[in-house]
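> Give me coordinates for this.
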Amino acid sequence: MFKKIFDFYRISDEIPSKEEDESLINKRIRFYKWSTFLSATLGYGLYYVCRLSLNVVKKPIVDEGIFSEVELGIIGSVLFFTYAVGKFANGFLADRSNINRFMSTGLLVSALVNLCLGFTHSFILFAILWGISGWFQSMGAASCVVGLSRWFTDKERGSYYGFWSASHNIGEAMTFIIVASVATAFGWRYGFWGAGLVGLVGVLVIWNFFHDSPQSKGLPAVMRKKVDLGNVVSEEDFNKAQKQVLRMPAIWILALSSAFMYVSRYAVNSWGIFYLQAQKGYTTLDASFIISVSSVCGIIGTMFSGVISDKFFCGRRNVPALIFGVVNVVALCLFLLFPGVHFWIDILAMVLFGLGIGVLICFLGGLMAVDIAPRCASGAALGVVGIASYIGAGLQDIVSGILIQGNKTVENGKEVYDFTYINWFWIGSAALSVVFALFVWNAKRKEV
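Reported below is the predicted structural model:
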């Protein structure tokens, strides 16, 4: 049985290249590259709809007395912790896998979990299912990054990685608009069911258009060197490259920087809607709209992050990472330190936050580590950064839930929240991310 599972997911066999005209080969390569890139971008965006559905319906769940803020923080953290471990493990597995089947499986299970969540009020079952979703969610990013490494050259990868990273924000925007609209109209259960159906559509997209490797289509490898030939790389090459990643201090420092950035990122994604409702009095739909602005602007940030660094900084990511790290800190100050309803200040904060996080997800969240790791260990590099990032996100959810509920009082029968400690926790994390990023200013790639 295990052998059959292994055979199903192992990297595709190489199909001998056909004797074709070079122009026809180039045409086929372009078609498959664009098919893989676009399906990775849309498919991973739909992963996010299944991952963030809970964040939209937290306040209605609390208002109905189903779960408390601390319980929701624990549930949210379970996904982040299983995602963190899964991203580390699946990063290593994706380097050796058929990424089409690997990525399709992850989204299928996550979509089914969302469909199930609309039927339960059990805290234990909710946490278990959400944790299962976290593990399978971790199969998405690693598959996409390995796909970019297999299908695009070094000169192309920064630009395409930046455009692909917009999938995070596309998914967030779809979640905050689609799921919020469905949940507002029909109730929080329908928010989960809607997210699950959207995820099933994503499975079909990935299965049909996300391709494993050029060699699996009878095409030559994108990079000609032996270490770049995907399924031609020996087991020893894989082991050496992945061990090299684990021995690189710069990778771990980047992982720590990304972890603090993810605290600020998921603070807003997980609790931003709740914060706007509880602190500033917005409705669920209005709060979701404001947070969705950050996702839309994040698309711009990610789309142009790779292009800017490739074209204007000769592929170096450190300067734009510093600039947008500071932008992230400023955005959180605007968002959190102006109490009361200030609609346009909140919008401006989310514009800056989206641009900042959009670039930082691309650079700190993966590309800077991939740039300095051996090519055939791209998934491993992403796994190291991923486990640290989502441990940070998970701890954030627990700490935020405790701080929110612990500083809640009841005045004249109305719940009143004090977000002072939350403010400094979120802003301080963003600032620490900038500091740690400075420690790897001149890091270079090391090959085995």
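> so what's residue 263 up against?
Shown in contact with residue 263 (C-beta atoms under 8 Å, 6 or more residues apart in numbering): 392, 393, 395, 396, 425, 426, 429, 430, 433. In short, each C-beta sits where N, CA and C put it, glycine included.
> How far does stretch 161-174 sit from its chain's centre?
Here stretch 161-174 shows a centroid-to-chain-centroid distance of 8 Å under the convention C-alpha atoms, centre = their mean, to the nearest Å.
> Dump the C-alpha coordinates for that stretch into CSV.
Provided in CSV are the C-alpha atoms of stretch 161-174 (Å, rounded to 0.1, in the frame of the first residue of the first chain):
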residue,chain,number,x,y,z
TYR,A,161,8.1,34.6,-8.0
GLY,A,162,6.9,38.1,-7.3
PHE,A,163,3.9,37.7,-9.5
TRP,A,164,3.1,34.3,-8.1
SER,A,165,3.3,35.7,-4.5
ALA,A,166,0.3,37.8,-5.4
SER,A,167,-1.7,34.6,-5.0
HIS,A,168,-1.5,35.2,-1.2
ASN,A,169,-3.3,38.5,-1.6
ILE,A,170,-5.7,37.4,-4.3
GLY,A,171,-6.8,34.6,-2.0
GLU,A,172,-7.1,37.0,1.0
ALA,A,173,-9.1,39.5,-1.1
MET,A,174,-11.5,36.7,-2.3
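> What average pLDDT does that stretch get?
Averaging pLDDT along stretch 161-174 yields 80.
> Going by residue numbers, what spans are strands in the stretch 301-448 of the chain?
For the stretch 301-448 of the chain, the strands defined by DSSP state E, counting those that start in this stretch cover 408-411, 414-417.
> Kindly reformat those as a markdown table containing mean neighbour count.
Shown next, in a markdown table, are the strands of the stretch 301-448 of the chain (neighbours: other C-beta atoms under 10 Å):
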| stretch | mean neighbour count |
| --- | --- |
| strand 408-411 | 10 |
| strand 414-417 | 12 |
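> Residue 209: which of those is closest?
Smallest distance to residue 209 across the strands of the stretch 301-448 of the chain (C-beta to C-beta): 45.1 Å, for strand 414-417.
> got JSON lines for the contacts of residue 263, with neighbour count, pLDDT and distance to residue 355 too?
As requested, the contacts of residue 263 are exported to JSON lines (neighbours: other C-beta atoms under 10 Å; pLDDT from 0 to 100; distance: C-beta to C-beta, whole Å):
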{"residue": "392", "neighbour count": "24", "pLDDT": "90", "distance to residue 355": "21"}
{"residue": "393", "neighbour count": "27", "pLDDT": "86", "distance to residue 355": "20"}
{"residue": "395", "neighbour count": "18", "pLDDT": "90", "distance to residue 355": "26"}
{"residue": "396", "neighbour count": "28", "pLDDT": "90", "distance to residue 355": "21"}
{"residue": "425", "neighbour count": "17", "pLDDT": "94", "distance to residue 355": "22"}
{"residue": "426", "neighbour count": "28", "pLDDT": "94", "distance to residue 355": "17"}
{"residue": "429", "neighbour count": "24", "pLDDT": "94", "distance to residue 355": "18"}
{"residue": "430", "neighbour count": "27", "pLDDT": "94", "distance to residue 355": "14"}
{"residue": "433", "neighbour count": "26", "pLDDT": "93", "distance to residue 355": "15"}
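> Select, from those, the two members most distant in space.
For the contacts of residue 263, the maximum inter-member distance is 15.0 Å, found between 395 and 430 (C-beta to C-beta).
> before we move on, the earlier item: and residue 214, which of the strands of the stretch 301-448 of the chain is closest to it?
Among the strands of the stretch 301-448 of the chain, strand 414-417 comes nearest to residue 214, with 53.8 Å by C-beta to C-beta.
> for that closest one, what is the average pLDDT?
Here the average pLDDT along strand 414-417 is 78.
> That strand - contacts with which helices or strands?
Helices and strands touching strand 414-417, by 3 or more C-beta pairs under 8 Å, 6 or more residues apart in numbering; DSSP states H and E, are helix 249-280, strand 408-411.
> on that earlier part again, looking at the contacts of residue 263, spot the one nearest residue 297.
Nearest to residue 297 among the contacts of residue 263, counting by C-beta to C-beta, is residue 430 at 16.4 Å.
> residues in contact with residue 142?
87, 90, 91, 93, 94, 102, 379, 382, 383, 386.
> and the second one, that one's in a helix?
Yes: read with DSSP: H, G, I helix; E, B strand; the rest coil, residue 90 is one of the residues of a helix.
> re earlier: closest to residue 203 out of the strands of the stretch 301-448 of the chain?
Residue 203 lies closest to strand 414-417 among the strands of the stretch 301-448 of the chain, at 38.9 Å (C-beta to C-beta).
> Residues contacting the closest one, please?
For strand 414-417, contacts defined as C-beta under 8 Å, 6+ apart pick out 278, 279, 404, 407, 408, 409, 410.
> What pairs with it, parallel or antiparallel?
As defined by DSSP bridges, the strand partners of strand 414-417 come to strand 408-411 (antiparallel).
> Quickly name whichever of the contacts of residue 142 is closest to residue 13.
residue 102 (15.9 Å).
> All set, thanks.
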